[in-house]
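Peer 1: return a 3D structure for these sequence lines:
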Amino acid sequence: MYPVRQLEAVIAAFAGRRVVIVGDLIADEYLYGKPARISREAPVLILKFSAREVRLGGAANATHNVHVLGASAWPVGVLGDDGAGDEVAGLFRGAGISTAGILRVEGRLTPVKTRVMAGGYESTRQQVVRLDREPAGGLAPHVEEALVSRLREIGSTADAFVVSDYGYGALSPGVFEAVLELARPRNAVVAVDSRYDLLRFKGMTAATPNEPEVEALVGGELGDERAIEKAGRAVLDRLEAALLLVTRGSRGMALFEREGPVTFMPIHGSDQIADVTGAGDTVISTFAVALASGASAGEAAWLANVAGGVVVMKRGTATVSPGELVQALSGDGTAL
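Peer 2: Numbers count the residues shown, from 1 in each chain. Model (predicted):
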């Protein structure tokens, strides 16, 4: 059981933490339109354009989440020398987040995920299609060298590192090794979320895969808690990590501790999820900041679970504030 006051004390300590977020910086673009008619050219819906919006995505969304939680957030990554890169950098500056750790790379494409959203003013907007614009290949050697140099300048006093890998090349082996070299002398938290290649990252403090990603890693469906426990233990050993937090959608989370039991946590709040976009960024950000603030693994996981429950009730990539966390906890009496 985690008394609310104990968790609130952890949340109050977020403000003193310095967190470096290393990874793939993405622009999340939303195009909104109102359904007008069926096209004569093809059996498709025509939307009447109403608005365009760009939000921080990927490692940029994780950075935004760390910042809104109250910690000092320092993004390290690359952006193309293009319009999307300008928009991401502008959003960082507008939020009061330093861009000192970001390299602008000439000729490189900034990753953009464009979501076309359809809906009227009095109805819920639904995603119709997503179009991704992705950079080709990894980092050039001189870019990797420059990025490691920026990381060493910014990460030397970090309390935690969030590694956010979306497969766009910012997390080269050299960059991740630099993260571990910086973290080890300070016993800083290293939390990793990798969409496609988690086993490449070994020796971290914690990883936060979702259940389908664990299924892919072990090559089988996880039908019940016994199967999840067996698979989670296997993944934990292969990662050489201390903690594994598996997110399970509407079924909550499972926390694996190397020297402790498996803890299954039910979803916090309603299971009527509005939008899971970027929820994993919120979970790893809250988990890492809480661990860096002195929370136990169970406390940090529960706070991440609560934050995830709040953010999935919002549309699009979003954040959770300390006030929202406290408000969500206040309805619990006790957290578990």
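
Peer 1: elements contacting the helix or strand Ala234 falls within?
Peer 2: Assessed by DSSP states H and E, Ala234 sits inside helix 225-239. When contacts are defined as 3 or more C-beta pairs under 8 Å, 6 or more residues apart in numbering; DSSP states H and E, helix 225-239 sits against helix 211-218, strand 243-247, strand 253-257, strand 262-265. Using the backbone N, CA and C atoms, a C-beta is placed for each residue, glycine as well.

Peer 1: what residues does that helix touch?
Peer 2: 198-199, 201-202, 204, 207, 209, 211, 214-215, 217-218, 220-222, 243-244, 246, 248, 254, 256, 258, 262, 264 (C-beta atoms under 8 Å, 6 or more residues apart in numbering).

Peer 1: that older thread, closest to Pro185 out of the helices and strands packed on helix 225-239?
Peer 2: strand 243-247 (20.2 Å; C-beta to C-beta).

Peer 1: what does that closest one rub up against?
Peer 2: For strand 243-247, contacts defined as C-beta under 8 Å, 6+ apart pick out 205-211, 214, 228, 232, 235-236, 253-258, 279-280, 283, 287, 297, 301, 304, 308.

Peer 1: give the buried residues for it.
Peer 2: 243-247 (16 or more other C-beta atoms under 10 Å).

Peer 1: mind putting these in a markdown table, pLDDT included?
Peer 2: Shown next, in a markdown table, are the buried residues of strand 243-247 (pLDDT from 0 to 100):
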| residue | pLDDT |
| --- | --- |
| Leu243 | 97 |
| Leu244 | 97 |
| Leu245 | 97 |
| Val246 | 97 |
| Thr247 | 94 |
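
Peer 1: roughly how far does Gly269 sit from Ile228?
Peer 2: Per C-beta to C-beta, to the nearest Å, Gly269 is found 22 Å from Ile228.

Peer 1: and these two? Which one has more around it.
Peer 2: Neighbours per residue (other C-beta atoms under 10 Å) separate Gly269 from Ile228, with Ile228 holding more: 22 against 16.

Peer 1: okay, Gln272: pLDDT?
Peer 2: Here, the pLDDT recorded for Gln272 equals 66.

Peer 1: so that it lines up with my notes, have the first residue be 24 from now on.
Peer 2: Right, with 24 as the first residue, what we last looked at is Gln295.

Peer 1: what's the spacing between Gly80 and Arg153?
Peer 2: 12 Å.

Peer 1: which one's more surrounded, those two?
Peer 2: Using other C-beta under 10 Å as the criterion, Gly80 and Arg153 rank with Gly80 on top: 25 against 12.

Peer 1: alpha carbons only: can I get the helix or strand containing that one in CSV?
Peer 2: Using DSSP H and E, Gly80 sits in strand 68-81. What follows is strand 68-81, C-alpha atoms only, in CSV (Å, rounded to 0.1, in the frame of the first residue of the first chain):
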residue,chain,number,x,y,z
LEU,A,68,-14.4,11.0,-47.8
ILE,A,69,-13.6,14.7,-48.5
LEU,A,70,-12.8,16.7,-45.4
LYS,A,71,-13.2,20.5,-45.3
PHE,A,72,-9.9,21.7,-43.7
SER,A,73,-10.4,23.5,-40.4
ALA,A,74,-7.1,23.7,-38.6
ARG,A,75,-3.5,22.5,-38.4
GLU,A,76,-1.5,21.9,-35.2
VAL,A,77,2.0,20.6,-34.4
ARG,A,78,2.9,19.0,-31.0
LEU,A,79,6.1,17.6,-29.6
GLY,A,80,6.4,13.9,-30.4
GLY,A,81,8.7,10.9,-29.5
